[in-house]
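1. pasting a predicted model and its sequence here:
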Amino acid sequence: MTLALDVPWEWHAEVWVLIAGVVALGGYTAKVVQPKAVAAGYEPITRAQKTWFVLAVAGMWAVSDWPVHEIAEQYLYFVHMFQHLFLSMLVPAMFVLATPRWLLELVIGKDTRAWRFLRTGSKPLVAGLTFNALTLLLHWSRLVQLSFDNGAAHFALHLMVFSSGLLMWMPVCGPIREWRLSPMGQCFYLFAMSIVPTVPGGWLVFAEDVVYRHYDTPQRLWGVGVLTDQQAAGVVMKLVGGFFLWAVIFVIFTRWAHREMASDEKRRTERQQAARGRAKQGSDAEPSLEGPEAVGLSPAASSAAAPATSEERAGVLTFEDVRRQFDNNPPPDHEH
C-alpha cells in the first residue's frame with residue numbers, strides 16, 4: 001500500500017469555460033439588465049447579493065477544478081461527498097441569495113411556461129421530493145459507476161443535483177418572497193430535508209463490504225483505507241449535511257424569535273403610551289372644584305345655603321318677605 005500519492009495537475013477546460021460564462025452573465029446582469037430594472041422601479045443589486053455571487057462562483061470553482069475534482073472522482077469517496085454537499089446545498093443556496101427578484105421577472109417573464117414551471121418546481125413538496133429523490137438515486141452503485149465511465153452522464157448528473165438544490169432553497173430564501181414559507185414552516189421544511197440523507201449515510205457507515213468498487217484501488221491517497229473512506233463519506237452525508245441544515249434552522253428560528261420579541265415590546269410600549277395619553281387627557285378635562293362643589297354640595301343645596309341678602313342681614317322686614325312666608329305657611333282653616 002502506498003502511503004502517499006501525488007495528485008497530478010489536470011486542465012479542466014469545461015470548468016474554466018463554465019466559470020467564465022457565469023462571471024460574464026453576472027457582469028451582463030449588473031451592467032445591462034440592472035439599469036432597465038431600476039428604471040422600471042425595482043431595487044438595485046445590494047452589496048450582500050454581490051458578496052453571495054462572488055462566494056458562489058468561488059465555491060463552484062473550488063469543488064469542480066483541480067485538485068478536488070481529481071481526488072473526489074479517482075481516490076476518495078468522502079471528498080466526493082463533500083463535493084456533492086457543496087454542489088447540492090451550499091453553492092445553490094448562495095446563488096439563490098445572490099439573485100434579485102427582477103432577474104427572474106424580467107428575464108423569464110411572468111405568465112410564461114418557464115415561469116409556471118419554476119413556480120411549480122419551487123413549491124415545498126415538489127422541491128423537497130425532487131431533491132431527496134435525486135439524493136437517493138445518485139447513491140445507487142450502478143449510477144455512480146455510470147457517472148465515472150461516461151463524462152456526459154457525469155456532467156448531466158451534477159447539473160441535475162445543482163438545479164434541484166436551487167429549487168430546494170426557493171421556499172426558504174428565494175427572491176420571490178410570496179413563494180417562501182413562514183419562518184416556522186422553513187424550520188420544519190429544512191428539518192425534513194435533513195432526514196432522508198441519513199438513510200444512505202447510515203448504509204455507508206455500517207456497510208461491511210465495499211459499496212463502490214470504483215474506489216477500491218490498490219493505491220490509497222494519504223493512507224486512507226477503502227472502508228474507512230466509505231465510512232467517512234457516510235459521516236459527511238449523515239452528519240455534516242445534517243448539521244449544516246440544523247445550523248440554518250437555528251439561525252432562522254433565532255431571527256424569528258428576536259423579531260417576535262421586538263414586535264411584542266413595541267406593542268407593549270405603544271399600549272403604555274396610549275394609556276398615559278388617555279390619563280393625561282382625563283386630568284386636563286376634569287373641572288376644578290371651588291365653592292360648594294369642593295365640599296360636596298349640589299347646586300340646589302348651595303342655592304338653599306346661600307347667604308341672606310343685605311336687607312335680611314340688616315333685620316329689615318319687607319313686604320316681599322311677608323308674602324313669601326305667608327305663601328309657604330298658609331293659615332289653617334277654621335270651621336265656623
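-> Yep, it's here. All values derive from a computational prediction rather than experimental measurement.
2. where in this structure is pLDDT low?
-> Filtered on pLDDT under 70, the chain yields the residue ranges 1-5, 284-323, 325-336.
3. one more time with 80, if that's ok
-> Across the chain, the ranges flagged by pLDDT under 80 are 1-6, 282-336.
4. biggest helix in it by residues?
-> Determined from DSSP state H, the single longest helix within the chain is helix 241-285.
5. phi first, then psi, for residue 175.
-> Backbone torsions of residue 175, given as degrees, to the nearest 10, read phi -70, psi -20.
6. nearest residue to residue 38 other than its sequence neighbours?
-> Leaving aside its chain neighbours, residue 38 sits nearest to residue 44 (5.4 Å; criterion: C-beta to C-beta, 6 or more residues apart in numbering). From N, CA and C alone the C-beta is placed, and that goes for glycine too.
7. now the one you found: phi and psi?
-> With angles defined as degrees, to the nearest 10, residue 44 sits at phi -70, psi 170.
8. contacts only, for it.
-> By C-beta atoms under 8 Å, 6 or more residues apart in numbering, the residues touching residue 44 are 34, 37-38.
9. give me that answer again for 10 Å
-> Neighbouring residues of residue 44 by C-beta atoms under 10 Å, 6 or more residues apart in numbering: 30, 34-35, 37-38, 100, 102.
10. can you turn the buried part of those into a ChimeraX selection?
-> Buried residues among these (16 or more other C-beta atoms under 10 Å), as a ChimeraX selection:
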select :30,34,37,100,102
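11. list the contacts of stretch 138-157.
-> Contacts for stretch 138-157 (C-beta under 10 Å, 6+ apart): 14, 18, 73-74, 77, 80-81, 84, 88, 134, 137, 158, 160-161, 164, 197, 199-201, 203-204, 210-215, 233-234, 237.
12. CA atoms of that stretch as CSV?
-> These are the backbone C-alpha positions of stretch 138-157, laid out as CSV (Å, rounded to 0.1, in the frame of the first residue of the first chain):
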residue,chain,number,x,y,z
LEU,A,138,-27.3,9.3,-7.1
HIS,A,139,-26.0,6.9,-4.5
TRP,A,140,-27.2,3.8,-6.4
SER,A,141,-24.0,2.0,-7.2
ARG,A,142,-24.7,1.4,-10.9
LEU,A,143,-25.5,5.1,-11.4
VAL,A,144,-22.3,6.1,-9.6
GLN,A,145,-20.3,3.8,-11.8
LEU,A,146,-22.0,5.2,-14.9
SER,A,147,-21.0,8.7,-13.9
PHE,A,148,-17.4,7.6,-13.7
ASP,A,149,-17.4,5.8,-17.0
ASN,A,150,-19.4,8.5,-19.0
GLY,A,151,-18.3,12.1,-19.0
ALA,A,152,-21.6,13.4,-20.4
ALA,A,153,-23.6,11.4,-17.8
HIS,A,154,-21.3,12.8,-15.1
PHE,A,155,-21.9,16.4,-16.1
ALA,A,156,-25.7,15.8,-16.5
LEU,A,157,-26.0,14.3,-13.0
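13. kindly provide the distance from residue 163 to residue 227.
-> Distance, residue 163 to residue 227, by C-beta to C-beta, to the nearest Å: 33 Å.
14. go on, residue 124?
-> 37 Å.
15. looking at the two, which is more packed in?
-> residue 124 (21 against 15; other C-beta atoms under 10 Å).
16. helices of the stretch 51-200 of the chain, start to end?
-> Ranges of helices within the stretch 51-200 of the chain are 68-70, 77-85, 91-98, 101-103, 113-121, 124-137, 141-149, 151-173, 183-193, 198-206, based on DSSP state H, counting those that start in this stretch.
17. pull out the buried positions in the very next helix or strand once past the last one.
-> Pointing back at helix 198-206 there. Next helix or strand after helix 198-206 toward the C-terminus (DSSP states H and E): helix 226-235. For helix 226-235, the neighbour count (16+ other C-beta under 10 Å) marks 226, 229-234 as buried.
18. contacts only, for residue 186.
-> Counting by C-beta under 10 Å, 6+ apart, residue 186 touches 124, 171-173, 180, 248-249, 252-253, 256.
19. go again with 7 Å.
-> 171-172, 252 (C-beta atoms under 7 Å, 6 or more residues apart in numbering).
20. again with residue 108
-> Contacts of residue 108 by C-beta under 7 Å, 6+ apart are 114-115, 118.
21. of those residues, grab the buried ones for PyMOL.
-> Buried members of the contacts of residue 108 can be picked out in PyMOL with the line below, counting by 16+ other C-beta under 10 Å:
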select buried, resi 118
